[in-house]
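> I need the structure of the sequence given here:
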Amino acid sequence: MTYSEVKELMEYFDDKKEVKRFIESVEKGFIDADRYKYSIDDSTYFYDEEEYSMLHNGEVVLNDDCAYCEEYNEYYPADEVHVVHISYREVQYWSEAAIRSRNVDEYEGEYYYECLSDFDVYWCEDLCEYRHIDDLYWHEDACEYYSYPPNDDEEYVNGYHSGSYEQKYWTKNPKYKIGFEIEKEDEDVKESINIHDFQSETDSIWRKEKDGSLSDEGGFELISPTFEFNIKKIFELIRSNDVLVNHINADHSHSCGGHINLSERGLTGEQLFDKVKGYTPFLYALYYGRVNKNYCKGKSNDDLKNENDKYQAIKIHSDRIEFRIISAVPNVDTLEWRAKLIRKMLLYPTSDIKQAYFYVETKFKSLLKQTYKTDEKLNVLHERFVNYSLEFENINIK
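Predicted structure coming up:
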């Protein structure tokens, strides 16, 4: 710049720092020296608004290289600003940062902010993606769209894992919680009551669902609420309900299981597993017919923790453990017996397998006698305990 141009600037600007910034702006090409009266001052540089704009991060760029974000009222690089549908008739231009922060939906390469339904696009529950309504089917029982039509079976059961898990507590903050998953294959019981009446009769806290591992004709799964672990109250509630008793006592096949979920206040699933893992070979001994099945694979305690795949004998969740090894539930009495078994494990917790074996022989004896009526049968159970301890943990407990 010439001396006369700098002198003119000194007379126009009050602050020498502004003069310095203006000169830097001229040197960078953001504004011509004689345009100072028409410049835009955005604290970092002066620039000619007819040619330049300042981005949200303070960078000055040519107008052709940027676009205005209407959500943030700032300029962004042109390739970071996209059309967003606000309604069927309105669009705005939003930066990618605005799109991320507002959880904007993307469908077939375009963006939509809380207005997909204006375009007849809805969430498809089974595919976990958005689809046009022409490609969807409404399932009344689940109140969701699916990619396949509803069938007559839905008159009697809900879709797999549709709806939310319910709770049933008798105190404010119970220490232990338990839940049951009861698989059945009994067409007569399944179709003895439609799903809406079933929910009404069970206070809408039990769920009756389809399960892909069971037969289409008679297969269903009962899912209990998450109960406060109070055996007396749980089974008083069950036995007072004829519909529940009828379903729990329904027929089953070898494909059926009777998973039990257990949690303890203040403990993660892994911590609870460590607390009772001494009983793992004992559970294998009780339900030995399922140990080598793909859907509840027996493993060592270390492998159960480190691999933790979905279909292992004991699944460790973040907040609970799931005993998948447990076989089908023949009736309410057996379900109660199993609840008492889990309660014993909590009364005498141990991570040591030899200690667990001692407890089973002493503290569990009267409970086991209810099912294993003779000493001979009990001896066979204890022998399986010994064998599984050696097979999976390489521990000889005798």
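> Quickly list the domain ranges of the chain.
122-150, 167-393 (automatic domain parsing).
> Tabulate those in TSV, adding columns for mean neighbour count and mean pLDDT.
Quick note: C-beta positions are derived from backbone N, CA and C, even for glycine. Formatted as TSV, the domains of the chain follow (neighbours: other CB atoms under 10 Å; pLDDT from 0 to 100):
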stretch	mean neighbour count	mean pLDDT
domain 122-150	15	85
domain 167-393	18	95
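> Tabulate those (TSV), appending distance to Met54.
Converted to TSV, the domains of the chain look like this (distance: least, CB to CB, whole Å):
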stretch	distance to Met54
domain 122-150	37
domain 167-393	46
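> What strand or helix carries Lys233?
helix 231-239 (DSSP states H and E).
> Can you name every helix or strand that that helix contacts?
When contacts are defined as 3 or more CB pairs under 8 Å, 6 or more residues apart in numbering; DSSP states H and E, helix 231-239 sits against helix 242-248, helix 332-347.
> can you dump the C-alpha coordinates of it into PDB?
Written as PDB, here are the backbone C-alpha positions of helix 231-239 (Å, rounded to 0.1, in the frame of the first residue of the first chain):
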ATOM      1  CA  ILE A 231     -41.100 -66.000  46.000                       C
ATOM      2  CA  LYS A 232     -44.200 -66.100  48.200                       C
ATOM      3  CA  LYS A 233     -45.700 -63.000  46.500                       C
ATOM      4  CA  ILE A 234     -44.700 -64.000  43.000                       C
ATOM      5  CA  PHE A 235     -46.400 -67.400  43.200                       C
ATOM      6  CA  GLU A 236     -49.400 -66.200  45.000                       C
ATOM      7  CA  LEU A 237     -49.900 -63.800  42.100                       C
ATOM      8  CA  ILE A 238     -49.400 -66.500  39.500                       C
ATOM      9  CA  ARG A 239     -51.600 -69.100  41.200                       C
END
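> contacts for it?
168, 170, 178, 227, 244-245, 248, 332, 335-336, 339-340, 343 (CB atoms under 8 Å, 6 or more residues apart in numbering).
> Looking at the residues you listed, which one is closest to Asp319?
Ile178 (13.1 Å; CB to CB).
> Where does the closest one sit: helix, strand or coil?
strand (DSSP: H, G, I helix; E, B strand; the rest coil).
> does it have beta-bridge partners, and which?
Phe227, Leu262 (DSSP bridges).
> try Val121
Applying DSSP bridges, one finds that Val121 bridges with His132.
> Do I have it right that it meets Arg131?
Yes - in this structure, Val121 is within contact of Arg131 by CB atoms under 8 Å, at 7.0 Å.
> re earlier: in TSV: the helices and strands packed on helix 231-239, plus distance to Ile193.
TSV is the format used below for the helices and strands packed on helix 231-239 (distance: least, CB to CB, whole Å):
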stretch	distance to Ile193
helix 242-248	6
helix 332-347	17
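> Run through the strands of the stretch 201-350 of the chain in chain order.
Secondary structure of the stretch 201-350 of the chain by DSSP state E, counting those that start in this stretch: the strands cover 207-209, 219-223, 226-228, 260-264, 314-316, 321-323.
> of all those, which lies closest to Asn292?
Closest among those, using CB to CB: strand 314-316, at 14.8 Å.
> Packing partners of the closest one?
helix 269-276, helix 301-306, strand 321-323.
> Redo these as a markdown table? Include distance to Ser213.
Output for the helices and strands packed on strand 314-316, formatted as a markdown table (distance: least, CB to CB, whole Å):
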| stretch | distance to Ser213 |
| --- | --- |
| helix 269-276 | 23 |
| helix 301-306 | 21 |
| strand 321-323 | 15 |
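> re the thing from before, compare the domains of the chain and give me the one nearest Trp94.
domain 122-150 (18.7 Å).
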